[in-house]
Structure formats: structure tokens, C-alpha cells
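[1] need coordinates for the below:
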Amino acid sequence: MKKLLLCMMLIAAIGATAKEKKDDSKYLKGAVPEVNGMVTFSKSFSVPGKTEAELRDVMNDFVNKLVENSIPAPGNYARMMEEEGSNDITARVCEWLVFTKKVFNLDRARFRYQIKVSVTGQHITMTVDHISYYYNEDMETNNGEIFKAEEWISDKEALNKKQTKLYPISGKFRRKTVDRMEELFDTAMDTFEVEEPKKVEPVKPKRKTVVEE
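    Predicted coordinates for the structure are as follows:
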């Protein structure tokens, strides 16, 4: 009976693992770009019909919200930097990168990065680099481990030799980082998507005594 029970538990575990298996194709080779050896995510887009000043104001508000929502982290701080006479906006941000969130299982890391936004005419370029993670901290936020993106989620460090699979631990950081960058850039672009008000056609009053021929 015990052997049968163990077999059933093993089959159930195998089935659960199979269900949890995900398609990692979007996270494989090239998903984490590097520039001069540094992991660097970037996005460029244009917003026709807006002035450079208008674009800068919108992106300034966007980055400010990132800073306002930033969380404290050991050895890190959030700040906003604007150079006089420059259209560049730069900030250092820290967010939670959540892997698992259950009643008795909260697995997360402090996700730190630097974001730079350049505005030229109607063109915007967003760049995110200096990425690192603070993981396995205790209840007092101490004794955690710091991982730099270059040493943790790059193609060399997060993929197997054939570059067909992600390593279990660094792989989960890579997935969440790629997803967060995609979300960050999409949110920035969506900021400019204002729904056009629907045109309401005036209602023509019906004539009661005159009939058109």
C-alpha cells in the first residue's frame, strides 16, 4: 500500500512539473542585450505631433513616479538628475522583483537599475543599465547577496552551453528582468496614448408640420 501511495505521489509530482514547464524561447539567446560588456536594455520611439518640451515634461513625470515608488535598499538610493541645458533625465531606481508570492512563500529580490531618458525633437530614447539584485536578505534586510546583471543574467551566465535552456536560479532572474523591461517601455509609450473623444453628432429635430418632398 505504501509503495502504491509513493508511486501515486511521484506521478502527481511529475505531472505538476510538466504543467509548470514554460516556453522560454523569448528569454533565450539575445533576450538580454549587452553594450560594451554591460547589460543594457533600450527602447526608441517617436511621438509625432508633440513638441520636444511636451515630451520631456511627460517623461519627466514618468521617471519621477518611478523614483517616488522606489524602495530603500542597502547601499542604494533613488535620485533624479537633470543636467542644465540637457534633455536627458536620469534616475537610480530600486523595485521589488517578485518570483513567488504565496501565504507561506514569498520569494523576491530588490531590483536596482539606472534609467536614462533622452529627448530630441519628437524622438525619445530610453536606456536601462547598471542593473543589480539584492537577494536572500533577512528580516532586518541584512546579510543578503548582491548579484550584478553581467554576472548573473547574461547569455554566458544564464544559458546552458547549447543556449537552449535557462539555468534554474539565474533563469528566474532573467525571465523577470526581461518582462519588467518590456513592461517599463510599454508603459512609457502608453503614456502618450490618449483616447480620442468620440464625436457626438448633433440630433436634428424632427419636423412636425413640414414634410420634405
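
[2] please count neighbours and contacts with C-alpha atoms only from this point.
    Fine.

[3] what does the model give the residue nearest the centre of the chain for pLDDT?
    Centroid check for the chain by C-alpha atoms, centre = their mean gives Arg180 as the closest residue, at 1.7 Å. Arg180 is assigned 97 on the pLDDT scale.

[4] max-length helix in the chain?
    Counting residues, the longest helix found in the chain (DSSP state H) is helix 168-190.

[5] ok, residues contacting that helix?
    27, 31-32, 41, 43, 45, 59, 62, 97-99, 126, 152-154, 157-159 (C-alpha atoms under 8 Å, 6 or more residues apart in numbering).

[6] residues contacting Phe99?
    By C-alpha under 8 Å, 6+ apart, the neighbours of Phe99 are Leu106, Asp107, Arg108, Lys172, Lys176.

[7] pick the one among the residues you listed closest to Asn69.
    Arg108 (16.7 Å; C-alpha to C-alpha).

[8] chain center to the helix or strand that contains that closest one: distance?
    Assigned by DSSP states H and E, Arg108 belongs to strand 105-120. From the chain centre to the centre of strand 105-120 is a distance of 7 Å (C-alpha atoms, centre = their mean, to the nearest Å).

[9] and what of stretch 58-70?
    Using C-alpha atoms, centre = their mean, the offset of stretch 58-70 from its chain centre is 14 Å.

[10] average model confidence for it?
    91.

[11] over to stretch 126-133?
    Taken as a whole, stretch 126-133 has a mean pLDDT of 96.

[12] which residues sit against it?
    38-44, 109-118, 145-149, 185.

[13] switch to 7 Å and redo it
    Residues from elsewhere that reach stretch 126-133, judged by C-alpha atoms under 7 Å, 6 or more residues apart in numbering: 39-44, 109-118, 146-149.

[14] what remains of these if I keep only buried residues?
    For the contacts of stretch 126-133, a burial check counting by 16 or more other C-alpha atoms under 10 Å picks out 39-43, 109-118, 147-149.

[15] give me the pLDDT for Thr17.
    Reading off the model, Thr17 has pLDDT 43.

[16] from the chain's centroid, how far away is stretch 51-60?
    Worked out by C-alpha atoms, centre = their mean, stretch 51-60 lies 22 Å from the chain centre.

[17] what about Ile71, neighbour count?
    17 (other C-alpha atoms under 10 Å).

[18] helix or strand: which one has it?
    Per DSSP H and E, there is no helix or strand for Ile71.

[19] could you do Ala91 as well?
    Using DSSP H and E, Ala91 falls in strand 88-102.

[20] same question, Val63
    Assigned by DSSP H and E, Val63 falls in helix 52-68.
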